[in-house]
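Chemist: no sequence for this one, just the structure:
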C-alpha cells in the first residue's frame with residue numbers, strides 16, 4: 001500500500017503508511033527501507049539515513065545490505 005502512495009507521488013502518504021507498518025512490526029526491514037526511500041525523495045536525508053541504518057541493523061539475513069549500500073552511495 002505504501003508503494004502505491006509513493007508511485008502516485010504522495011510521498012507523505014507513503015511515509016505515513018510505512019510508519020504505521022513499522023509501529024506494528026519494528027523489525028520490518030522492507031518498511032524501514034521504503035520509508036527511508038520516501039524521506040530521500042522528500043530531501044529529508046538525515047531521516048532517510050536513519051531508516052536505512054535501522055534496516056541494515058535489523059536485516060539479520062543481510063539480504064538487503066548490498067541494496068542499502070547502493071542507496072548510501074547515492075546519498076553520498
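Modeler: Done, it's in. Keep in mind that this is a model prediction, so the values were computed, not measured. Residues are numbered from 1 along each chain as shown.

Chemist: Give me the below-cutoff pLDDT ranges for the protein.
Modeler: Scanning the chain for pLDDT under 70 picks out 1-8, 60-76.

Chemist: Sketch out the helices for it, chain order is fine.
Modeler: 2-7, 11-24, 29-42, 45-58, 65-75 (DSSP state H).

Chemist: For the ones you listed, give me JSON lines that also has mean neighbour count.
Modeler: The way it works is simple: take the backbone N, C-alpha and C, and place the C-beta from them, glycine included. Below are the helices of the chain laid out as JSON lines (neighbours: other CB atoms under 10 Å):
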{"stretch": "helix 2-7", "mean neighbour count": "16"}
{"stretch": "helix 11-24", "mean neighbour count": "17"}
{"stretch": "helix 29-42", "mean neighbour count": "21"}
{"stretch": "helix 45-58", "mean neighbour count": "17"}
{"stretch": "helix 65-75", "mean neighbour count": "12"}
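
Chemist: which non-adjacent residue is nearest residue 31?
Modeler: residue 21 (4.0 Å; CB to CB, 6 or more residues apart in numbering).

Chemist: so how far is residue 51 from that neighbour?
Modeler: 12 Å (CB to CB, to the nearest Å).

Chemist: With residue 31 instead?
Modeler: 9 Å.

Chemist: One more: residue 23?
Modeler: 14 Å.

Chemist: again, but for residue 57
Modeler: Per CB to CB, residue 57 is found 11 Å from residue 51.

Chemist: and if you look at residue 19?
Modeler: Going from residue 19 to residue 51 by CB to CB gives 10 Å.

Chemist: residues shared between the contacts of the two?
Modeler: residue 35 (CB atoms under 8 Å, 6 or more residues apart in numbering).
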